[in-house]
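Peer 1: Need the 3D shape of this:
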Amino acid sequence: MTFAASEPLDIDALRRSRRGERIGGDIRYFEELASTSTTASELAAAGAAEGVVVIAESQSRGRGRLGRSWLSPPYRNLYVSLVLRPPIAPTQAPILALVAGLATADALAATGVEPRIKWPNDVLVDGRKVAGILAEMAGDGASVSAVVLGIGINVNLGLDELPEDLRDKAGSVAAALGEPVARHELAARLLAAFQQRYDRFVASGFSALRDEWNRLSCLNGERVDIVDGGRHVVGTVSGVAADGALELVCDDGRRERIVAGEVTVAGGYERG
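Peer 2: Numbers count the residues shown, from 1 in each chain. Coordinates of the predicted model:
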């Protein structure tokens, strides 16, 4: 199904919804950028305050995790990057992708779909990836100067607009619902949900969000194959730890903690 060309994002309505808020009170809107995260990183380096949000209608070089590109056609989706300045240790910065996953799932659920989260940075609907998250830190190794959090959501993209090699893996909100959704409303929910969970994370750590994350995880109880550099681990996922690590039980009963890696589920993801 192909959806009719979307209208430009109603940026005025989005700005009104976030007026006075710390996250998204200042939104920089562009027709096209190479990457919202690149622009947000430049703003952060120039001293932009926490909560500045960069949104583009399209990206010419949108990027995802592990150096992958992110399909970014105009007027279809949401391409959003946030400037954050959290008072956390550098080792905690990657956890912000998990925090954003919860916020993204919350925003998507409000449209009527049933999202699930795949550790560490994907959100799925009906077993298809509809959103990806990338957290990039700037700092001196001992402290965090800024974290740029990029979130890409396939909103009104038709499945036939996807490259053929992604049509059985990727999806969109509209494809799941059978109708397009208002992107500014989804963006407003996303920013509000993120601010709420971000504040809890900063105040109490990821342990305050862990149970909620595990309830939405599509990996818990699944047998997975994980490649982390030269390491290869196979086991059954038991959940996400209080520090954001993925926990699994190997076939020999040994317990493993995974802090980074590429996860493949044996037999594919649960649908529905």
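Peer 1: all contacts plus neighbour counts: C-alpha atoms, from now on.
Peer 2: Noted.
Peer 1: Got the phi and psi for residue 263?
Peer 2: The phi/psi pair for residue 263 (degrees, to the nearest 10) reads phi -110, psi 130.
Peer 1: ok, and the closest non-adjacent residue to it?
Peer 2: Nearest-residue entry for residue 263: residue 226, 4.6 Å, with adjacent residues in sequence omitted and distances by CA to CA, 6 or more residues apart in numbering.
Peer 1: count of residues packed around the one you found?
Peer 2: Residues within reach of residue 226, counting by other CA atoms under 10 Å, total 18.
Peer 1: is it true that it touches residue 260?
Peer 2: No: assessed by CA atoms under 8 Å, residue 226 is found out of contact with residue 260, at 9.1 Å.
Peer 1: related to what we said a few turns ago, name the helix or strand for the residue nearest to residue 263, please.
Peer 2: Residue 226 belongs to strand 223-228 when assigned by DSSP states H and E.
Peer 1: right, and the helix or strand after that strand?
Peer 2: Read in the C-terminal direction, the helix or strand following strand 223-228 is strand 231-240, with elements assigned using DSSP H and E.
Peer 1: Output the longest helix anywhere in the chain in CSV with nothing but the alpha carbons.
Peer 2: With residue count as the measure and DSSP state H as the assignment, the chain has helix 183-204 as its longest helix. Once non-C-alpha atoms are left out, helix 183-204 reads as follows in CSV (Å, rounded to 0.1, in the frame of the first residue of the first chain):
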residue,chain,number,x,y,z
ARG,A,183,3.1,13.5,12.3
HIS,A,184,3.1,16.6,14.5
GLU,A,185,0.8,14.8,17.0
LEU,A,186,3.1,11.8,17.1
ALA,A,187,6.2,14.1,17.5
ALA,A,188,4.5,15.9,20.4
ARG,A,189,3.7,12.7,22.1
LEU,A,190,7.3,11.5,21.6
LEU,A,191,8.9,14.6,23.1
ALA,A,192,6.5,14.6,26.1
ALA,A,193,7.0,10.9,26.7
PHE,A,194,10.8,11.2,26.4
GLN,A,195,10.9,14.2,28.9
GLN,A,196,9.0,12.2,31.5
ARG,A,197,11.2,9.1,31.2
TYR,A,198,14.4,11.1,30.9
ASP,A,199,13.7,12.9,34.1
ARG,A,200,13.1,9.6,35.9
PHE,A,201,16.4,8.2,34.5
VAL,A,202,18.4,11.1,35.6
ALA,A,203,16.8,11.1,39.0
SER,A,204,16.9,7.4,39.7
